[in-house]
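Q: missing the sequence, but the structure's below:
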C-alpha cells in the first residue's frame with residue numbers, strides 16, 4: 001500500500017463520442033486519425049458564425065432506457081446513463097454480487113442541461129408559465145447525470161457532480177480517487193458528460209471569439225498546436241470509468257486496465273477565461289499529480305494534452321510542460337485527441353482519461369491530426385498526423401477550465 005492509501009485501478013470504461021458510440025469504435029477511429037467534425041444538424045445555423053461541431057452521431061438509448069424515462073432526461077444525462085451501462089458491462093461488474101452501499105457515482109458536467117433550458121425558455125415565452133415542464137429543473141441541473149446513473153443501478157455510495165467548466169470530468173475522476181483511497185467506497189463510476197451543441201452555447205462561444213470559423217473545412221478545423229489554429233471545435237459526449245480498489249478488483253477477478261495513480265488540482269486566480277500566461281497553474285497541477293503518484297518526471301512518456309487549439313491556450317500548456325519536465329519534455333509525446341473529437345467541455349477530461357488508459361494498456365498513441373505547421377512556441381513531439389506504436393508505462397491527462405481550474409491525472413500501466 002502506498003502512503004496515500006490503496007492502489008486504485010481502472011476495470012471498465014464507457015464512451016459516447018463524436019468518433020464512436022462505444023469504447024472500441026472510438027479507439028479505432030482515434031488511432032486512424034478520423035475527425036468527428038461536420039455540419040451542425042441539431043439546429044438551423046443560418047445566422048451563426050460557426051456552422052459545424054463534433055456531434056455524437058446515430059445516438060440511441062434503445063435497450064438501456066425506455067422512451068418515457070428518456071423523455072425525462074436531458075441529452076447529457078442520456079449520454080451518461082448509456083456510457084455507464086457500457087462501463088459496467090466492460091468491467092464485468094455484477095451488481096448483484098457487490099455491496100451497492102459501497103458503490104458510488106461521481107460525474108462532472110460543466111454546463112448541464114442547456115438544451116432543456118433553451119427549450120423550456122421557448123415554451124415559457126411562447127405559451128406561458130403553465131407550459132413549462134414539471135421535469136424542467138431535474139432535467140436541467142448538472143448533478144442529474146450522477147443522480148440518474150445512481151438510480152438506474154441502485155448505487156447508494158457517494159454520489160455527486162463536479163462543476164469546473166472544462167476540468168469537470170477530470171475533477172470527478174480525481175475526487176473519486178480520493179474517496180476510494182479514504183475507504184468511503186469500493187467502486188466508483190466516474191467521469192464526465194456534456195451535450196451543449198445548442199444555439200445559446202454556440203452563439204455564446206462565438207461572441208467570445210473562442211470557436212473556429214473554418215466552415216469550409218470542418219474536419220481540418222481543430223488544429224491543436226498548429227500555427228493556423230483559430231479556436232476550438234465544440235463537441236459532446238461522455239467518458240466514464242469504473243474505478244476500484246485493487247483489493248476489490250482482485251477479489252472479484254476483474255481485468256485491470258491501468259492504475260489511476262495520482263491527482264493534482266490547482267487554481268490560476270488570474271482571469272475568467274484566459275489561463276495564466278506563464279502556465280504556473282497548469283504546472284502546479286502536473287507537479288501535484290506526479291507527487292501524489294510517487295512518479296518521477298522521467299517515467300512519463302505520454303501526455304494527453306488539454307490542447308484545445310485556441311491561440312492563447314496551446315503555447316501556455318507547452319510552457320507549463322517544459323516547466324515541469326525540463327529537458328525530458330522533448331523526449332515525451334504530447335498529443336491532443338481534441339483534434340479529432342473536438343472539445344467536449346465538461347466531458348473532455350473523462351473521455352481523455354479513457355484514451356490515456358487505453359494508451360497504457362495497448363501501447364499505441366493516437367495522433368494529433370491537422371498539425372501541418374507547428375507554432376514556433378509549440379515545439380514538442382505532438383505525434384503529428386499518424387498514430388505511433390510505443391510502450392507507455394506512465395502518462396498524464398490534463399484538463400483546464402474557465403475560471404482558472406487545472407487538473408492533471410497521473411496514470412500507470414498496471415503490473
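A: Structure's in. What do you need? In this text the structure is predicted, and so the values were computed from the model without any measurement. Residues are numbered from 1 along each chain as shown.
Q: hey, where'd the strands end up in the stretch 201-350 of the chain?
A: Shown for the stretch 201-350 of the chain, the strands assigned by DSSP state E, counting those that start in this stretch span residues 237-245, 258-267, 302-304, 333-335.
Q: quick one: contacts for residue 333?
A: 301, 302, 303, 365, 381, 382, 383, 388, 390, 392 (Cβ atoms under 8 Å, 6 or more residues apart in numbering). Quick note: C-beta positions are derived from backbone N, CA and C, even for glycine.
Q: find the pair from the residues you listed with maximum spatial separation.
A: Pairwise distances across the contacts of residue 333 peak at 15.1 Å for 382 and 392 (criterion: Cβ to Cβ).
Q: so which of the contacts of residue 333 is the most crowded?
A: With neighbours defined as other Cβ atoms under 10 Å, the most crowded of those is residue 365; it has 28 neighbours.
Q: name all residues that make contact with residue 398.
A: Contacts of residue 398 by Cβ under 8 Å, 6+ apart are 170, 282, 285, 286, 303, 304, 305, 306, 317, 406, 407, 408.
Q: could you verify that residue 115 is part of a helix?
A: Yes - counting by DSSP: H, G, I helix; E, B strand; the rest coil, residue 115 is part of a helix.
Q: quick check: it vs residue 103, distance?
A: 29 Å (Cβ to Cβ, to the nearest Å).
Q: go on, residue 165?
A: Distance, residue 165 to residue 103, by Cβ to Cβ: 28 Å.
Q: when the two are compared, which one has more neighbours?
A: Legend: neighbour count by other Cβ under 10 Å for residue 165 and residue 103, higher for residue 103 (26 against 20).
Q: my read: that one touches residue 159, true?
A: No - between residue 103 and residue 159 there is no contact under Cβ atoms under 8 Å: 9.7 Å.
Q: now do the shared contacts for these two.
A: Common neighbours of residue 103 and residue 159 (Cβ under 8 Å, 6+ apart) do not exist.
Q: sticking with residue 16, tell me its helix or strand.
A: Using DSSP states H and E, residue 16 sits in strand 8-16.
Q: in that strand, what's buried?
A: Residues of strand 8-16 classed as buried by neighbour count (16 or more other Cβ atoms under 10 Å): 8, 9, 10, 11, 12, 13, 14, 15, 16.
Q: what residues are bridge-paired with the last one?
A: I take that to be residue 16. With DSSP bridges as the criterion, residue 16 is bridged to residue 238.
Q: pLDDT at it, what is it?
A: At residue 16, the predicted lDDT confidence score is 98.
Q: tell me where this protein has helices.
A: For the chain, applying DSSP state H gives helices covering 23-32, 67-71, 75-91, 114-127, 136-140, 144-153, 168-182, 199-207, 246-251, 280-293, 313-325, 338-341, 348-362.
Q: give me the mean pLDDT for the shortest one.
A: Right, helix 338-341. Taken as a whole, helix 338-341 has a mean pLDDT of 98.
Q: so which elements touch it?
A: Judged by 3 or more Cβ pairs under 8 Å, 6 or more residues apart in numbering; DSSP states H and E, helix 338-341 is in contact with helix 23-32.
Q: and the helix it packs on with helix 75-91, angle?
A: 100 degrees (axes from the mean of the first three to the mean of the last three Cα atoms, to 10 degrees).
Q: please parse this structure into its domains.
A: 9-251, 263-412 (automatic domain parsing).
Q: distance to residue 257 added to those domains, as CSV?
A: Output for the domains of the chain, formatted as CSV (distance: least, Cβ to Cβ, whole Å):
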stretch, distance to residue 257
domain 9-251, 5
domain 263-412, 5
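Q: residue contacts, residue 29?
A: Here residue 29 is in contact with 19, 20, 36, 340 (criterion: Cβ under 8 Å, 6+ apart).
Q: against residue 211, how distant is the third one?
A: To residue 211, residue 36 is 15 Å away according to Cβ to Cβ.
Q: just to revisit the earlier point, looking at the helices of the chain, which is buried most?
A: Most buried of the helices of the chain, by mean neighbour count (mean count of other Cβ atoms under 10 Å): helix 338-341, with a mean of 30.
Q: centre of the chain to that one, how far?
A: Helix 338-341 sits 12 Å away from the centroid of its parent chain (Cα atoms, centre = their mean, to the nearest Å).
Q: what's next to it, contact-wise?
A: 17-19, 29-30, 33-36, 54, 222-224, 232-233, 235, 237, 306-309, 348, 351, 366-371.
Q: swap the cut-off to 7 Å and go again
A: 17-19, 30, 33-36, 54, 222-224, 235, 307-309, 351, 368-370 (Cβ atoms under 7 Å, 6 or more residues apart in numbering).
Q: and for stretch 290-307?
A: Residues contacting stretch 290-307 (Cβ under 7 Å, 6+ apart): 2, 4, 224-225, 261-264, 314, 317, 321, 324-325, 328, 332-338, 352, 355-356, 359, 365, 392-400, 410.
Q: just the pLDDT for residue 1.
A: 43.
Q: ok, the nearest residue to residue 199 once chain neighbours are set aside to residue 217 distance?
A: Distances taken as Cβ to Cβ, 6 or more residues apart in numbering put residue 43 closest to residue 199, at 5.3 Å, once the chain neighbours are dropped. Counting by Cβ to Cβ, the separation of residue 43 from residue 217 is 21 Å.
Q: pick out whichever of these two has more residues nearby.
A: residue 43 (14 against 11).
Q: can you tell me how far the more buried one is from residue 131?
A: Residue 43 is 20 Å from residue 131, by Cβ to Cβ.
Q: do the same with residue 238
A: 30 Å.
Q: which of the two has more neighbours?
A: residue 238 (35 against 12).
Q: so that one touches residue 79, yeah?
A: Yes - using Cβ atoms under 7 Å, residue 238 is in contact with residue 79, at 4.0 Å.
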